[in-house]
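**Student:** Let me see the structure of the following:
(one chain, ligands or ions: 1)
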Amino acid sequence: MINLDQNATTPVADEVLAELVRCTREYDGNSSSGHSIGVKAGSFLDECRKRVARALNAKLPSEIVFTSGGTESDNTAVEGIAYAMQQAGRGNHLITSAIEHRAVLAPCEFLTKHGFELTVLPVNEVGCVRFEDVQKALRPTTILVSVMLANNEIGTIQPISEISRLARARGICVHTDAVQAVGKLPVDVQALGVHALSLSAHKFYGPKGVGVLYLQQGTPFTPFMLGGTHEHNYRAGTVAVPQIGALAKALEYAEGKRQKYGAELRRLRDLLISLVLEKVPGSHVNGDVKHCTPNTASIRFDGVYGGHLLRKLDTLGVLASAGSACMWERTKPSHVLTALGLTDEQGGGTLRFSLGYDNSEAEIREVANILARVVPEMRRNPPAEVSPPLARASH
Ligand code: PLP
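**Tutor:** Just a heads-up that it's a prediction; the model follows:
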C-alpha cells in the first residue's frame, strides 16, 4: 500500500513499538501504588513528563497532563477552562474557528446549551483565520479563544502567537489544537503563547489512545474527569504508563525526523502537487501550500466524486482521504471545505493526500501516474452506484 493518509493516523514507528513493549514489561505497576513496582512506574512517569515538557518547551513538567488522545485533550481544555473562567465571574463568551476539528467544535456547541455564547470565526479563501476577525469578535465577556495550529484537512497554519498576544493582553485564555502539528511544525508552547495545547500520539508515529494536554501553570481549569488524584488532580484515572513511555519516545522520534527530513517531506508533497496539476487537467489545490503543513495536499478534481475516486485508489493500493478520516462515509463535503467557500461539487471532488516520513519519491510518482489514468476514465464512465453523487448530499 502507498499510504498517503497519514493525517488520519501514522504507522507506529519500529523504535516506538519496541519502547511500548519494553515499558509494558518494565513499568507494569500502577504508578499510584506505594510499593516498589508502583514507585518504579511512578518514577518513569515523572521522567516521561519531564521529557515531554522539554520537547514542548513547557516551563514545568507539571504543566503536562496525559490523556487518552486528541479528542479528550480538546474537550477537557475547552470545557475545563470555560467552566473555571465562568465560575470566576470572568464571562461566558467563547471564540473558535469554522475549520476546527469536531473535537473542539462539538464541546463549544455543547456549552452554548449551558449558558455560554459562541462566535465561530470564518476563514479566508485559503483557510486562514483573519487576525482582524479575532479582534472584532472580542467582547468584555470573552473567556476563551480556541483556534487550531494546523488544519487536518487542508493543512493551513493559523496565526496562534498573534492571537495569543491579543487575547492575553485582555486576560483571555487561548487553547490550540496542535494534533496535526507535531513532526511537521515546531511546537513550542512558550513561543505560541498559549495557555493550553492538545496533542495525540497516533498522529506522530505513536500508539492510539494516548495524548497530552499542556496546561500552563495558573490557568483556570475545572477538571472534566473526576475520581482519584492522578495527574495533579487534573485528570482522574489509572495512568497508562507504558503508552506514555511510547508517546515520549514518539515525540522525540517525530521531532528528530522533522529536523532531519522536514524539507524532504515538503519536497515530496510539492512534487505530488506539481505532477498532479501537470498530468490531470481540471485539478486544483485547495488552501495555501506556502502556509501549510509540509505533508498535506488537498486537491480537487473537476467532474469526479471523491468517494468514488478514493475507493478506486484503494483497489489500486493507494490510501488517501476525502475530508477527514472520521468522515469517510459522508456524502456532504466537510465543514472545512465548505468554510473555504467551495461548492458541493468542488468539495465533493476533493481528496486529501497526507504524506509521512516513510513515503518515497517513487511512490509519489506512481500515485500521480495512477491519478492521470484513473481520473479521466472516471470522468468518461462515472461509477453507477451513487448517481448523481451529490444528490444525496443535499438531503
Ligand atoms: N484534532 C485534530 C486536528 C485531529 O486531526 C484529530 C484526529 O483526527 C483530533 C483532534 C482527534 O484526535 P484523536 O484521534 O486522538 O482523538
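**Student:** does the ligand sit close to stretch 101-111?
**Tutor:** Yes - contact of stretch 101-111 with the ligand (CB under 6 Å from any ligand atom) involves 101, 103. (Glycine included, C-beta is placed from N, CA and C.)
**Student:** buried stuff in the host helix or strand of Arg25?
**Tutor:** Assigned by DSSP states H and E, Arg25 belongs to helix 14-26. Using 16 or more other CB atoms under 10 Å as the burial criterion, the residues of helix 14-26 that qualify are 16-17, 19-20, 23.
**Student:** Around the ligand, pick out the residues from the protein.
**Tutor:** 69-71, 74, 101, 103, 148, 152, 177, 179-180, 200, 211, 324.
**Student:** Mind doing that once more with 5 Å?
**Tutor:** Within the chain, the positions lying close to the ligand (CB under 5 Å from any ligand atom) are 69-71, 101, 103, 152, 177, 179-180, 200.
**Student:** For the residues you listed, give me a markdown table that also has neighbour count, secondary structure and pLDDT.
**Tutor:** Formatted as a markdown table, the residues of the chain next to the ligand follow (neighbours: other CB atoms under 10 Å; DSSP: H, G, I helix; E, B strand; the rest coil; pLDDT from 0 to 100):
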| residue | neighbour count | secondary structure | pLDDT |
| --- | --- | --- | --- |
| Gly69 | 23 | coil | 98 |
| Gly70 | 25 | helix | 98 |
| Thr71 | 21 | helix | 98 |
| His101 | 22 | coil | 97 |
| Ala103 | 22 | helix | 98 |
| Asn152 | 27 | coil | 96 |
| Asp177 | 30 | strand | 98 |
| Val179 | 29 | coil | 98 |
| Gln180 | 27 | coil | 98 |
| Ser200 | 28 | strand | 98 |
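**Student:** which among those gets closest to His284?
**Tutor:** Nearest to His284 among these, counting by CB to CB, is Asn152 at 19.7 Å.
**Student:** Relative to the whole chain's centre, how far out is stretch 36-56?
**Tutor:** Computed by CA atoms, centre = their mean, to the nearest Å, the separation of stretch 36-56 from the middle of its chain amounts to 25 Å.
**Student:** List of residues touching that stretch?
**Tutor:** 23, 26-33, 58-64, 66, 187-189, 197, 212, 214, 239, 241, 244-245, 247-248, 251-252, 255 (CB atoms under 8 Å, 6 or more residues apart in numbering).
**Student:** and the residue of the stretch 1-150 of the chain nearest the ligand?
**Tutor:** At 2.4 Å from the ligand, Gly70 is the closest residue in the stretch 1-150 of the chain, using CB to the nearest ligand atom.
**Student:** now the strands: where do they sit in this structure?
**Tutor:** Applying DSSP state E to the chain gives strands spanning 2-3, 64-67, 93-97, 117-121, 142-146, 173-177, 196-200, 211-215, 283-286, 296-301, 318-319, 350-354.
**Student:** what about the fourth one, average pLDDT?
**Tutor:** By that I understand strand 117-121. For strand 117-121, the mean pLDDT works out to 98.
**Student:** Could you give me the buried positions within the longest helix belonging to the chain?
**Tutor:** Longest among the helix segments of the chain by residue count, using DSSP state H, is helix 241-279. Across helix 241-279, burial judged by 16+ other CB under 10 Å covers 241-255, 257-258, 262, 265-266, 268-269, 272-273, 275-276.
**Student:** got the angle for that helix vs strand 350-354?
**Tutor:** Per axes from the mean of the first three to the mean of the last three CA atoms, to 10 degrees, the angle that helix 241-279 makes with strand 350-354 is 130 degrees.
**Student:** Quick one: distance of helix 241-279 to the chain centre.
**Tutor:** Its chain's average C-alpha position is 14 Å from that of helix 241-279, according to CA atoms, centre = their mean.
**Student:** And for stretch 274-290?
**Tutor:** Chain-centre distance of stretch 274-290: 23 Å, with CA atoms, centre = their mean.
**Student:** can I get the CA coordinates of that stretch in PDB?
**Tutor:** Taking C-alpha atoms only, stretch 274-290 is exported to PDB below (Å, rounded to 0.1, in the frame of the first residue of the first chain):
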ATOM      1  CA  SER A 274       3.100  19.700  -9.400                       C
ATOM      2  CA  LEU A 275       2.800  16.200 -11.100                       C
ATOM      3  CA  VAL A 276      -0.900  16.000 -10.500                       C
ATOM      4  CA  LEU A 277      -1.600  19.500 -11.700                       C
ATOM      5  CA  GLU A 278       0.500  18.800 -14.800                       C
ATOM      6  CA  LYS A 279      -0.900  15.300 -15.600                       C
ATOM      7  CA  VAL A 280      -4.500  15.700 -14.600                       C
ATOM      8  CA  PRO A 281      -6.200  18.600 -16.400                       C
ATOM      9  CA  GLY A 282      -9.100  20.000 -14.300                       C
ATOM     10  CA  SER A 283      -7.300  19.500 -10.900                       C
ATOM     11  CA  HIS A 284      -6.800  22.300  -8.400                       C
ATOM     12  CA  VAL A 285      -5.200  22.800  -5.000                       C
ATOM     13  CA  ASN A 286      -7.300  23.900  -2.000                       C
ATOM     14  CA  GLY A 287      -5.800  26.200   0.600                       C
ATOM     15  CA  ASP A 288      -2.300  27.700   0.600                       C
ATOM     16  CA  VAL A 289       0.600  25.300   0.200                       C
ATOM     17  CA  LYS A 290       3.100  28.100   1.200                       C
END
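**Student:** For that stretch, give me every contacting residue.
**Tutor:** 126-128, 151, 154-156, 269-270, 273, 297-303, 337, 340, 342, 350, 364-365, 368-369, 371-372, 375-376, 379.
**Student:** What of stretch 215-227?
**Tutor:** Residues outside stretch 215-227 that contact it (CB under 8 Å, 6+ apart): 58-60, 62-63, 65, 75-77, 79-81, 83-85, 87-88, 90, 173, 189, 194-196, 233-237.
**Student:** Enumerate the positions of that stretch that are buried.
**Tutor:** Here stretch 215-227 shows 215-216, 219-225 as buried, counting by 16+ other CB under 10 Å.
**Student:** can you pull the contacts of Asp5?
**Tutor:** Contact analysis of Asp5 by CB under 8 Å, 6+ apart lists 319-321, 325, 352-354.
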